[in-house]
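S.K.: heads up, no residue letters with this:
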(Lines give C-alpha, C1' and ligand atoms only; values in the text may rest on other atoms or scores of the structure.)
Protein backbone atom coordinates (compact mmCIF):
# COMPACT_ATOMS: atom_id res chain seq x y z
CA UNK A 1 0.00 0.00 0.00
CA UNK A 2 1.45 3.37 -1.00
CA UNK A 3 2.18 5.75 1.88
CA UNK A 4 0.73 9.13 1.07
CA UNK A 5 -0.80 11.63 3.47
CA UNK A 6 -0.76 10.95 7.18
CA UNK A 7 -3.96 9.25 8.28
CA UNK A 8 -5.56 7.89 11.46
CA UNK A 9 -7.50 5.03 9.89
CA UNK A 10 -8.01 3.23 6.61
CA UNK A 11 -11.47 2.52 5.18
CA UNK A 12 -11.47 -0.14 2.45
CA UNK A 13 -14.40 0.04 0.05
CA UNK A 14 -16.20 3.05 -1.40
CA UNK A 15 -19.76 1.71 -1.46
CA UNK A 16 -22.60 3.04 0.66
CA UNK A 17 -21.20 1.68 3.92
CA UNK A 18 -17.58 2.66 3.27
CA UNK A 19 -18.55 6.16 2.18
CA UNK A 20 -20.76 6.58 5.26
CA UNK A 21 -18.04 5.26 7.60
CA UNK A 22 -15.43 7.58 6.10
CA UNK A 23 -17.79 10.54 6.39
CA UNK A 24 -18.66 9.88 10.03
CA UNK A 25 -14.97 9.57 10.91
CA UNK A 26 -13.99 12.70 8.99
CA UNK A 27 -16.80 14.75 10.52
CA UNK A 28 -15.37 13.83 13.93
CA UNK A 29 -11.96 15.18 13.04
CA UNK A 30 -10.22 11.89 12.12
CA UNK A 31 -7.98 11.75 9.07
CA UNK A 32 -9.25 9.01 6.75
CA UNK A 33 -7.70 7.19 3.82
CA UNK A 34 -10.56 5.74 1.77
CA UNK A 35 -9.44 3.04 -0.68
CA UNK A 36 -11.62 2.01 -3.61
CA UNK A 37 -10.44 -0.38 -6.35
CA UNK A 38 -12.82 0.85 -9.03
CA UNK A 39 -12.59 1.87 -11.84
CA UNK A 40 -9.20 0.17 -12.33
CA UNK A 41 -10.61 -3.12 -11.00
CA UNK A 42 -14.30 -3.63 -11.69
CA UNK A 43 -16.83 -6.16 -10.44
CA UNK A 44 -19.42 -8.07 -12.49
CA UNK A 45 -22.18 -5.75 -11.20
CA UNK A 46 -20.62 -2.27 -11.18
CA UNK A 47 -20.34 -0.12 -14.30
CA UNK A 48 -18.74 3.15 -13.09
CA UNK A 49 -15.97 4.36 -10.81
CA UNK A 50 -18.31 6.51 -8.73
CA UNK A 51 -18.56 6.00 -4.99
CA UNK A 52 -21.74 4.47 -3.58
CA UNK A 53 -22.82 3.11 -6.96
CA UNK A 54 -26.31 1.58 -6.73
CA UNK A 55 -26.23 -1.71 -8.63
CA UNK A 56 -29.47 -3.45 -7.65
CA UNK A 57 -32.86 -1.72 -7.24
CA UNK A 58 -32.82 2.10 -7.12
CA UNK A 59 -35.32 2.04 -4.26
CA UNK A 60 -34.08 2.48 -0.71
CA UNK A 61 -37.42 1.29 0.67
CA UNK A 62 -40.39 2.89 2.41
CA UNK A 63 -40.49 6.07 4.45
CA UNK A 64 -42.83 7.25 7.17
CA UNK A 65 -43.94 5.91 10.52
CA UNK A 66 -45.76 2.77 9.38
CA UNK A 67 -42.80 0.45 8.87
CA UNK A 68 -39.34 -0.51 10.03
CA UNK A 69 -37.68 0.88 6.90
CA UNK A 70 -39.05 4.33 7.69
CA UNK A 71 -37.80 4.09 11.27
CA UNK A 72 -34.27 3.26 10.11
CA UNK A 73 -34.19 6.18 7.66
CA UNK A 74 -35.38 8.58 10.35
CA UNK A 75 -32.62 7.36 12.67
CA UNK A 76 -29.99 7.78 9.95
CA UNK A 77 -31.22 11.32 9.32
CA UNK A 78 -30.84 12.08 13.04
CA UNK A 79 -27.24 10.90 12.75
CA UNK A 80 -26.60 13.27 9.85
CA UNK A 81 -26.01 10.42 7.42
CA UNK A 82 -24.26 11.43 4.20
CA UNK A 83 -26.06 8.68 2.27
CA UNK A 84 -29.51 9.82 3.41
CA UNK A 85 -28.76 13.46 2.59
CA UNK A 86 -27.61 12.56 -0.92
CA UNK A 87 -30.57 10.20 -1.40
CA UNK A 88 -33.07 12.95 -0.59
CA UNK A 89 -31.24 15.35 -2.93
CA UNK A 90 -31.46 12.87 -5.82
CA UNK A 91 -34.83 11.22 -5.23
CA UNK A 92 -37.27 10.29 -8.00
CA UNK A 93 -41.01 9.57 -7.66
CA UNK A 94 -41.74 6.14 -6.14
CA UNK A 95 -44.93 6.43 -4.13
CA UNK A 96 -44.17 5.95 -0.45
CA UNK A 97 -40.62 4.76 -1.10
CA UNK A 98 -37.34 6.64 -1.27
CA UNK A 99 -35.93 5.93 -4.73
CA UNK A 100 -32.99 7.71 -6.34
CA UNK A 101 -31.58 8.72 -9.67
CA UNK A 102 -28.62 6.33 -9.66
CA UNK A 103 -26.14 8.56 -11.45
CA UNK A 104 -27.04 11.74 -9.60
CA UNK A 105 -26.93 10.00 -6.23
CA UNK A 106 -23.46 8.52 -6.75
CA UNK A 107 -22.15 11.80 -8.14
CA UNK A 108 -23.32 13.65 -5.02
CA UNK A 109 -21.72 11.14 -2.66
CA UNK A 110 -18.46 11.18 -4.66
CA UNK A 111 -18.32 14.98 -4.67
CA UNK A 112 -18.93 15.26 -0.93
CA UNK A 113 -16.29 12.63 -0.12
CA UNK A 114 -13.67 14.02 -2.51
CA UNK A 115 -14.10 17.57 -1.23
CA UNK A 116 -13.80 16.73 2.49
CA UNK A 117 -10.51 18.00 3.91
CA UNK A 118 -10.15 14.99 6.25
CA UNK A 119 -10.60 12.33 3.55
CA UNK A 120 -7.96 11.14 1.10
CA UNK A 121 -9.52 9.02 -1.67
CA UNK A 122 -7.06 6.51 -3.11
CA UNK A 123 -7.92 4.36 -6.14
CA UNK A 124 -6.20 1.02 -5.59
CA UNK A 125 -7.10 -2.56 -4.77
CA UNK A 126 -6.31 -3.87 -1.29
CA UNK A 127 -5.65 -7.59 -1.20
CA UNK A 128 -4.76 -8.14 2.46
CA UNK A 129 -5.92 -6.96 5.87
CA UNK A 130 -4.03 -3.77 6.85
CA UNK A 131 -1.93 -3.88 10.00
CA UNK A 132 -3.10 -0.38 10.92
CA UNK A 133 -6.55 0.56 12.28
CA UNK A 134 -9.09 -0.16 9.56
CA UNK A 135 -12.73 -0.54 8.56
CA UNK A 136 -13.41 -3.18 5.91
CA UNK A 137 -16.48 -2.27 3.89
CA UNK A 138 -15.79 -4.21 0.72
CA UNK A 139 -19.40 -5.25 0.32
CA UNK A 140 -21.09 -8.28 -1.22
CA UNK A 141 -18.59 -8.39 -4.10
CA UNK A 142 -15.46 -8.53 -1.96
CA UNK A 143 -12.51 -9.59 -4.13
CA UNK A 144 -11.27 -13.16 -3.78
CA UNK A 145 -7.91 -12.00 -2.38
CA UNK A 146 -9.47 -9.86 0.36
CA UNK A 147 -12.06 -12.54 1.13
CA UNK A 148 -9.28 -15.09 1.55
CA UNK A 149 -7.30 -12.74 3.82
CA UNK A 150 -10.32 -11.97 5.98
CA UNK A 151 -11.35 -15.63 6.04
CA UNK A 152 -7.93 -16.61 7.36
CA UNK A 153 -8.24 -13.98 10.09
CA UNK A 154 -11.66 -15.09 11.32
CA UNK A 155 -11.13 -18.80 10.86
CA UNK A 156 -13.19 -19.41 7.76
CA UNK A 157 -16.53 -18.46 9.36
CA UNK A 158 -17.95 -17.30 6.05
CA UNK A 159 -21.35 -17.85 4.52
CA UNK A 160 -22.57 -16.83 1.11
CA UNK A 161 -25.66 -16.44 -1.04
CA UNK A 162 -26.38 -15.38 -4.58
CA UNK A 163 -27.78 -11.93 -5.21
CA UNK A 164 -29.23 -10.62 -8.46
CA UNK A 165 -29.99 -7.39 -10.31
CA UNK A 166 -33.17 -6.53 -12.26
CA UNK A 167 -33.27 -5.38 -15.90
CA UNK A 168 -33.88 -1.73 -16.87
CA UNK A 169 -35.83 -0.58 -19.94
CA UNK A 170 -36.50 2.82 -21.53
CA UNK A 171 -39.81 4.51 -20.74
CA UNK A 172 -40.50 5.38 -24.36
CA UNK A 173 -40.25 1.75 -25.46
CA UNK A 174 -43.11 0.64 -23.18
CA UNK A 175 -46.40 0.18 -25.06
CA UNK A 176 -48.82 2.25 -22.98
CA UNK A 177 -51.74 0.95 -25.03
CA UNK A 178 -51.27 -2.27 -23.08
CA UNK A 179 -49.65 -0.99 -19.86
CA UNK A 180 -51.20 1.47 -17.39
CA UNK A 181 -50.03 3.80 -14.63
CA UNK A 182 -51.33 3.07 -11.14
CA UNK A 183 -50.02 2.69 -7.59
CA UNK A 184 -51.08 -0.32 -5.55
CA UNK A 185 -54.43 0.36 -3.84
CA UNK A 186 -54.50 3.73 -5.61
CA UNK A 187 -51.53 5.11 -3.67
CA UNK A 188 -49.95 7.45 -6.17
CA UNK A 189 -49.30 7.00 -9.86
CA UNK A 190 -45.59 6.30 -9.85
CA UNK A 191 -45.59 2.79 -11.31
CA UNK A 192 -46.18 1.42 -14.81
CA UNK A 193 -48.11 -1.85 -14.73
CA UNK A 194 -47.96 -4.51 -17.44
CA UNK A 195 -51.04 -6.75 -16.94
CA UNK A 196 -51.36 -10.38 -17.96
CA UNK A 197 -54.34 -12.66 -18.39
CA UNK A 198 -54.03 -16.33 -17.47
CA UNK A 199 -52.99 -17.44 -20.95
CA UNK A 200 -50.30 -14.76 -21.18
CA UNK A 201 -49.01 -15.58 -17.71
CA UNK A 202 -48.72 -19.31 -18.41
CA UNK A 203 -46.84 -18.61 -21.65
CA UNK A 204 -44.49 -16.30 -19.72
CA UNK A 205 -44.02 -18.92 -17.01
CA UNK A 206 -43.16 -21.69 -19.48
CA UNK A 207 -40.62 -19.40 -21.18
CA UNK A 208 -39.05 -18.58 -17.82
CA UNK A 209 -38.82 -22.19 -16.70
CA UNK A 210 -37.12 -23.17 -19.96
CA UNK A 211 -34.64 -20.27 -19.92
CA UNK A 212 -30.95 -20.93 -19.36
CA UNK A 213 -29.08 -19.51 -16.39
CA UNK A 214 -25.62 -17.96 -16.41
CA UNK A 215 -22.81 -20.03 -14.91
CA UNK A 216 -21.21 -18.22 -11.96
CA UNK A 217 -18.13 -16.12 -12.67
CA UNK A 218 -14.72 -17.74 -12.37
CA UNK A 219 -13.71 -15.55 -9.47
CA UNK A 220 -16.79 -16.78 -7.60
CA UNK A 221 -16.16 -20.44 -8.35
CA UNK A 222 -12.66 -20.12 -6.94
CA UNK A 223 -13.81 -18.83 -3.55
CA UNK A 224 -14.47 -21.18 -0.65
CA UNK A 225 -17.49 -20.79 1.59
CA UNK A 226 -19.36 -22.92 4.07
CA UNK A 227 -22.48 -22.97 1.93
CA UNK A 228 -24.31 -21.18 -0.85
CA UNK A 229 -27.94 -20.16 -0.72
CA UNK A 230 -30.27 -17.55 -2.12
CA UNK A 231 -31.36 -14.73 0.17
CA UNK A 232 -35.14 -14.87 0.41
CA UNK A 233 -35.49 -11.07 0.23
CA UNK A 234 -33.76 -10.83 -3.17
CA UNK A 235 -34.75 -14.05 -4.90
CA UNK A 236 -34.17 -14.37 -8.69
CA UNK A 237 -37.44 -14.78 -10.57
CA UNK A 238 -36.29 -18.06 -12.05
CA UNK A 239 -35.77 -19.49 -8.56
CA UNK A 240 -39.19 -18.25 -7.41
CA UNK A 241 -40.80 -19.79 -10.49
CA UNK A 242 -39.10 -23.14 -9.84
CA UNK A 243 -41.13 -23.44 -6.62
CA UNK A 244 -44.46 -23.64 -8.44
CA UNK A 245 -46.52 -22.16 -11.23
CA UNK A 246 -48.32 -19.62 -9.03
CA UNK A 247 -45.44 -18.47 -6.83
CA UNK A 248 -44.72 -15.40 -8.97
CA UNK A 249 -48.38 -14.34 -8.70
CA UNK A 250 -47.98 -14.18 -4.93
CA UNK A 251 -44.61 -12.43 -5.18
CA UNK A 252 -43.25 -9.85 -7.65
CA UNK A 253 -46.17 -10.35 -10.06
CA UNK A 254 -48.90 -9.95 -7.45
CA UNK A 255 -51.98 -8.25 -9.03
CA UNK A 256 -53.78 -7.40 -5.76
CA UNK A 257 -54.70 -3.72 -5.52
CA UNK A 258 -53.81 -3.00 -9.15
CA UNK A 259 -57.07 -2.97 -11.15
CA UNK A 260 -56.71 -2.36 -14.87
CA UNK A 261 -58.56 0.92 -15.64
CA UNK A 262 -59.68 -0.53 -18.97
CA UNK A 263 -61.63 -3.32 -17.27
CA UNK A 264 -61.92 -2.21 -13.65
CA UNK A 265 -60.76 -5.68 -12.62
CA UNK A 266 -57.49 -6.98 -11.26
CA UNK A 267 -55.48 -8.83 -13.92
CA UNK A 268 -54.26 -12.40 -13.47
CA UNK A 269 -50.69 -11.19 -12.92
CA UNK A 270 -48.79 -7.89 -13.19
CA UNK A 271 -45.21 -6.86 -13.90
CA UNK A 272 -44.50 -3.46 -12.32
CA UNK A 273 -41.96 -0.92 -13.59
CA UNK A 274 -40.49 1.77 -11.32
CA UNK A 275 -38.80 5.01 -12.37
CA UNK A 276 -35.02 4.63 -12.26
CA UNK A 277 -33.68 8.11 -13.05
CA UNK A 278 -34.73 11.71 -12.39
CA UNK A 279 -35.68 12.40 -16.02
CA UNK A 280 -38.07 9.44 -15.99
CA UNK A 281 -36.54 7.94 -19.14
CA UNK A 282 -35.51 4.66 -17.50
CA UNK A 283 -37.62 2.14 -15.56
CA UNK A 284 -36.59 -1.04 -13.75
CA UNK A 285 -38.65 -4.21 -13.42
CA UNK A 286 -39.67 -4.34 -9.76
CA UNK A 287 -38.60 -7.54 -8.01
CA UNK A 288 -37.28 -9.04 -11.25
CA UNK A 289 -33.76 -9.88 -10.15
CA UNK A 290 -32.44 -12.52 -12.50
CA UNK A 291 -29.37 -14.43 -13.52
CA UNK A 292 -30.65 -15.69 -16.87
CA UNK A 293 -28.50 -15.50 -19.98
CA UNK A 294 -29.07 -12.20 -21.75
CA UNK A 295 -30.59 -13.70 -24.88
CA UNK A 296 -33.08 -15.63 -22.77
CA UNK A 297 -33.79 -12.49 -20.71
CA UNK A 298 -34.62 -10.56 -23.87
CA UNK A 299 -36.92 -13.35 -25.06
CA UNK A 300 -38.63 -13.47 -21.65
CA UNK A 301 -39.22 -9.72 -21.47
CA UNK A 302 -40.82 -9.79 -24.92
CA UNK A 303 -43.48 -12.11 -23.42
CA UNK A 304 -44.63 -9.33 -21.06
CA UNK A 305 -47.56 -7.32 -22.48
CA UNK A 306 -46.31 -3.79 -23.13
CA UNK A 307 -42.67 -4.82 -23.33
CA UNK A 308 -42.75 -6.64 -26.67
CA UNK A 309 -40.49 -3.97 -28.16
CA UNK A 310 -38.77 -2.82 -24.97
CA UNK A 311 -35.35 -1.25 -25.29
CA UNK A 312 -33.33 -3.08 -22.62
CA UNK A 313 -30.53 -0.79 -21.43
CA UNK A 314 -29.31 -3.10 -18.66
CA UNK A 315 -29.80 -6.82 -18.35
CA UNK A 316 -30.12 -8.52 -14.99
CA UNK A 317 -26.99 -10.13 -13.58
CA UNK A 318 -26.40 -12.51 -10.69
CA UNK A 319 -23.41 -12.51 -8.39
CA UNK A 320 -22.18 -14.15 -5.22
CA UNK A 321 -22.84 -12.14 -2.09
CA UNK A 322 -20.65 -12.85 0.93
CA UNK A 323 -21.05 -12.05 4.58
CA UNK A 324 -19.53 -13.19 7.86
CA UNK A 325 -21.18 -15.29 10.51
CA UNK A 326 -21.74 -12.20 12.65
CA UNK A 327 -22.57 -13.85 16.01
CA UNK A 328 -19.25 -15.71 15.99
CA UNK A 329 -17.07 -13.25 14.07
CA UNK A 330 -18.06 -9.77 15.33
CA UNK A 331 -18.44 -8.18 18.75
CA UNK A 332 -21.24 -5.76 19.61
CA UNK A 333 -19.21 -2.86 18.17
CA UNK A 334 -18.62 -4.53 14.75
CA UNK A 335 -15.02 -5.34 15.62
CA UNK A 336 -13.58 -8.60 14.34
CA UNK A 337 -12.95 -11.15 17.07
CA UNK A 338 -9.43 -12.06 16.06
CA UNK A 339 -8.49 -15.60 17.06
CA UNK A 340 -5.12 -14.35 18.22
CA UNK A 341 -6.73 -11.58 20.29
CA UNK A 342 -3.72 -9.51 19.24
CA UNK A 343 -5.73 -6.60 17.86
CA UNK A 344 -9.02 -4.83 18.48
CA UNK A 345 -8.83 -2.07 15.88
CA UNK A 346 -10.34 -3.89 12.90
CA UNK A 347 -14.02 -3.15 12.17
CA UNK A 348 -16.38 -4.45 9.48
CA UNK A 349 -19.12 -2.35 7.91
CA UNK A 350 -21.99 -2.78 5.50
CA UNK A 351 -23.52 -5.85 3.96
CA UNK A 352 -20.53 -8.05 4.74
CA UNK A 353 -21.52 -7.83 8.44
CA UNK A 354 -24.70 -9.84 7.85
CA UNK A 355 -27.34 -7.23 7.10
CA UNK A 356 -29.30 -7.03 3.88
CA UNK A 357 -30.37 -3.82 2.16
CA UNK A 358 -29.02 -0.41 1.20
CA UNK A 359 -30.09 1.40 4.35
CA UNK A 360 -29.09 -1.45 6.62
CA UNK A 361 -25.62 -1.44 5.04
CA UNK A 362 -25.44 2.32 5.41
CA UNK A 363 -26.39 2.00 9.07
CA UNK A 364 -23.58 -0.47 9.69
CA UNK A 365 -21.20 1.95 7.97
CA UNK A 366 -22.34 4.68 10.35
CA UNK A 367 -21.96 2.41 13.39
CA UNK A 368 -18.46 1.27 12.37
CA UNK A 369 -17.34 4.82 11.63
CA UNK A 370 -18.58 6.24 14.93
CA UNK A 371 -17.27 3.30 16.96
CA UNK A 372 -13.87 3.55 15.29
CA UNK A 373 -13.76 7.29 16.03
CA UNK A 374 -14.39 6.67 19.74
CA UNK A 375 -11.78 3.90 19.76
CA UNK A 376 -9.10 6.04 18.14
CA UNK A 377 -9.74 8.86 20.63
CA UNK A 378 -9.44 6.45 23.55
CA UNK A 379 -13.10 6.86 24.50
CA UNK A 380 -15.70 4.33 25.59
CA UNK A 381 -17.49 2.90 22.57
CA UNK A 382 -21.19 3.84 22.39
CA UNK A 383 -24.04 1.35 22.76
CA UNK A 384 -27.03 1.88 20.47
CA UNK A 385 -30.42 1.68 22.21
CA UNK A 386 -31.99 -1.75 21.83
CA UNK A 387 -35.35 -0.10 21.03
CA UNK A 388 -33.92 1.66 17.96
CA UNK A 389 -33.75 0.20 14.48
CA UNK A 390 -29.95 0.33 14.50
CA UNK A 391 -29.83 -1.26 17.95
CA UNK A 392 -32.25 -3.99 16.89
CA UNK A 393 -30.10 -4.86 13.87
CA UNK A 394 -26.99 -5.01 16.02
CA UNK A 395 -28.79 -7.19 18.54
CA UNK A 396 -29.92 -9.57 15.78
CA UNK A 397 -26.36 -9.86 14.51
CA UNK A 398 -25.14 -10.80 17.98
CA UNK A 399 -27.86 -13.33 18.81
CA UNK A 400 -29.20 -14.84 15.61
CA UNK A 401 -27.57 -18.25 15.43
CA UNK A 402 -30.42 -20.55 14.46
CA UNK A 403 -31.07 -23.30 17.03
CA UNK A 404 -27.80 -22.43 18.72
CA UNK A 405 -25.90 -23.83 15.75
CA UNK A 406 -23.69 -22.22 13.12
CA UNK A 407 -26.50 -21.24 10.78
CA UNK A 408 -26.82 -17.48 10.28
CA UNK A 409 -28.86 -15.64 7.65
CA UNK A 410 -28.71 -11.94 6.64
CA UNK A 411 -31.53 -9.72 7.85
CA UNK A 412 -33.39 -6.65 6.64
CA UNK A 413 -34.72 -4.25 9.24
CA UNK A 414 -38.26 -5.31 10.19
CA UNK A 415 -40.63 -4.85 13.10
CA UNK A 416 -40.07 -8.44 14.19
CA UNK A 417 -36.53 -7.75 15.42
CA UNK A 418 -37.58 -4.80 17.61
CA UNK A 419 -38.17 -5.51 21.32
CA UNK A 420 -41.89 -5.91 22.21
CA UNK A 421 -43.95 -2.95 23.36
CA UNK A 422 -45.18 -2.68 26.93
CA UNK A 423 -48.76 -3.21 25.78
CA UNK A 424 -50.36 -5.36 23.13
CA UNK A 425 -51.64 -3.50 20.06
CA UNK A 426 -53.68 -5.42 17.49
CA UNK A 427 -53.76 -2.76 14.76
CA UNK A 428 -50.53 -3.16 12.76
CA UNK A 429 -50.25 0.48 11.72
CA UNK A 430 -50.86 1.72 15.24
CA UNK A 431 -48.27 -0.73 16.53
CA UNK A 432 -45.74 0.42 13.93
CA UNK A 433 -46.30 4.07 14.81
CA UNK A 434 -45.76 3.38 18.50
CA UNK A 435 -42.54 1.50 17.75
CA UNK A 436 -41.54 4.44 15.55
CA UNK A 437 -42.11 6.99 18.32
CA UNK A 438 -40.25 4.85 20.87
CA UNK A 439 -37.32 4.30 18.50
CA UNK A 440 -36.97 7.98 17.62
CA UNK A 441 -37.28 8.97 21.24
CA UNK A 442 -34.35 6.81 22.37
CA UNK A 443 -32.42 7.73 19.21
CA UNK A 444 -32.75 11.45 19.88
CA UNK A 445 -31.42 10.88 23.39
CA UNK A 446 -28.54 8.88 21.94
CA UNK A 447 -27.59 11.56 19.43
CA UNK A 448 -27.89 14.31 22.01
CA UNK A 449 -25.22 12.48 24.02
CA UNK A 450 -23.16 11.64 20.96
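M.R.: Here it is on my side, so go on. The structure presented is a predicted model; accordingly, all values stated were derived computationally and were not measured.
S.K.: so what's residue 276 scoring on pLDDT?
M.R.: You'll see residue 276 listed with a pLDDT of 85.
S.K.: hmm, I was thinking of residue 374
M.R.: 97.
S.K.: which residues sit against the biggest helix by length in the chain?
M.R.: Scanning the chain for the helix with the most residues, using DSSP state H, yields helix 428-449. The contact list for helix 428-449 (C-beta atoms under 8 Å, 6 or more residues apart in numbering) reads 65-68, 70-71, 74-75, 78-79, 382, 384-385, 387-391, 415, 418, 421, 425. C-beta here means a position set from N, CA and C on the backbone, and glycine is covered the same way.
S.K.: 10 Å instead, please
M.R.: Helix 428-449 is contacted from outside by 64-68, 70-72, 74-80, 382-392, 415, 418-425, 427, 450, using C-beta atoms under 10 Å, 6 or more residues apart in numbering.
S.K.: In the protein, which residue sits furthest out from the middle?
M.R.: Here the chain reaches farthest from its C-alpha mean at residue 263, the gap being 37.0 Å by C-alpha atoms, centre = their mean.
S.K.: and that residue, what does it touch?
M.R.: residue 195.
S.K.: Give the buried subset of the contacts of helix 428-449 as a ChimeraX selection command.
M.R.: Selecting only the buried entries of the contacts of helix 428-449 in ChimeraX, with 16 or more other C-beta atoms under 10 Å as the criterion:
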select :64,65,66,67,68,70,71,72,74,75,76,78,79,384,385,387,388,389,390,391,392,415,418
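S.K.: In three-state terms, how would the residue farthest from the centre of the chain be classified?
M.R.: Reduced to three states with DSSP: H, G, I helix; E, B strand; the rest coil, the structure at residue 263 is coil.
S.K.: in the stretch 101-250 of the chain, which spans are helices?
M.R.: For the stretch 101-250 of the chain, applying DSSP state H, counting those that start in this stretch gives helices covering 102-114, 144-154, 198-210, 218-221, 237-241.
S.K.: In TSV, list those along with mean pLDDT and distance to residue 336.
M.R.: Formatted as TSV, the helices of the stretch 101-250 of the chain follow (pLDDT from 0 to 100; distance: least, C-beta to C-beta, whole Å):
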stretch	mean pLDDT	distance to residue 336
helix 102-114	95	24
helix 144-154	83	6
helix 198-210	96	41
helix 218-221	41	23
helix 237-241	92	32
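S.K.: Report the beta-bridge partner residues of residue 273.
M.R.: residue 192, residue 285 (DSSP bridges).
S.K.: if we compare the helices of the stretch 101-250 of the chain, which one ends up closest to residue 190?
M.R.: Residue 190 sits nearest to helix 102-114 of all the helices of the stretch 101-250 of the chain, at 16.5 Å, using C-beta to C-beta.
S.K.: who does that closest one touch, helix- and strand-wise?
M.R.: If you count contacts as 3 or more C-beta pairs under 10 Å, 6 or more residues apart in numbering; DSSP states H and E, helix 102-114 packs onto helix 16-27, strand 32-35, helix 82-89, strand 91-92, strand 97-100, strand 119-122, strand 282-285.
S.K.: Tell me the buried residues in it?
M.R.: 102-110, 112-113.
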